[in-house]
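[1] Build me a structure from this.
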Amino acid sequence: MLEHLNPNPLKPSRVVIIGAGGFVGGTISKKLAAKAVNTLALTRKELDLLTVSAAAKLQEILQPGDSVVMVSAVAPAKTVPDLMLNLKMAEAVCNALATATIAQLVYISSDAVYADDANPVNERSYCAPSTVHGMMHAARELMLRSSTEAPFTALRPTLIYGAADFHNGYGPNRFRRQAAKGEPITLFGEGEEKRDHVAIEDVATLAALVLEHRSVGVLNVATGVSTSFHDIAHMTAALFPNKVVVKSVPRQGARPHLTHRFFDVTDCIKAFPDFHYTPLDKGLLLAKQAEEKRNHG
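    This next block holds a predicted model:
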């Protein structure tokens, strides 16, 4: 369970978000701005972590008392070159933090760090990643935690959905866009795999809460409700006025390494009893409305 160094929420003096140009980092930045938190949003334009001068540049940017949120990543990391690029990015941040006096470091990790058979998953589940992506996040957690004496928090979201996602991964984001184009929603096999999906706004809200409380430790970001891709596809199809077909396509290759994943969210409830996750049906509708607004606004 998280330890709150601030029992009562307190605005950080400044939050530096590394990777604010992405889906997750951008949403966290907007959430903090809406709460009138002094925020410095660093995109790749302001700080490219793969350049030789990245660590020195970040050292110049950081001020004593800053809270730092590290989001920037090459994701999803599928290959060894992807892994090495991500470790190089983390190394630059570690080198900068080694000489910085910051208030807190928050890393946006992933539930991919856990062993596939860890069901139900909680914050004490064994970390044994079976993918390059999971290994990348596990390694970066260790690197970043070791780089500073400041309070460290790892947020480990499960599958994230939302209008601004540009990965268009299999699941709610792809299903919604297929339906919006009048295309069939395609399922691999029967879509029987059950996974937990979390709305991006909930990820940002929990990140803000962790910063306000200067929370230390690990927190999984998952709703505690796992739903099959089959059901998600039909829930998505029902949001559109014209009949949307849901069809199955043969799998290409073996079944996914992780068929089902369930979470025990007791720690989150204890840490933030007033926080409530967005139910999937409501979240899917809100994502659809937000994407329509983005496309027509």
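[2] What ranges in this protein fall below the confidence cut-off?
    Residues of the chain meeting the criterion pLDDT under 70: 253-258, 297.
[3] what are the bridge partners for the spatially most central residue of it, then?
    With distances taken as Cα atoms, centre = their mean, the residue of the chain nearest its centroid is residue 157 (4.7 Å). With DSSP bridges as the criterion, residue 157 is bridged to residue 221.
[4] which ones are touching it?
    Contact analysis of residue 157 by Cβ atoms under 8 Å, 6 or more residues apart in numbering lists 24, 108, 109, 110, 111, 198, 203, 220, 221, 222. (Each C-beta comes from the backbone N, C-alpha and C, glycine too.)
[5] again, only using 10 Å
    Contacts for residue 157 were tallied using Cβ atoms under 10 Å, 6 or more residues apart in numbering; they are 24, 108-112, 196-198, 200, 202-203, 206-207, 219-222.
[6] Likewise for residue 238?
    Neighbour list for residue 238: 179, 244, 281, 284, 285 [criterion: Cβ under 10 Å, 6+ apart].
[7] Okay, it and residue 59: tell me how far apart.
    Counting by Cβ to Cβ, to the nearest Å, the gap between residue 238 and residue 59 amounts to 52 Å.
[8] Also residue 134?
    30 Å.
[9] And these two? Which one has more around it.
    Set residue 134 next to residue 59 and count neighbours by other Cβ atoms under 10 Å: residue 134 wins out with 23 against 14.
[10] Check the gap between the more buried one and residue 127 for me.
    Distance of residue 134 to residue 127, computed by Cβ to Cβ: 8 Å.
[11] and what of residue 283?
    From residue 283 to residue 127 the distance is 27 Å (Cβ to Cβ).
[12] how many neighbours does residue 260 have?
    Applying other Cβ under 10 Å, we find 14 residues neighbouring residue 260.
[13] With residue 132 instead?
    17.
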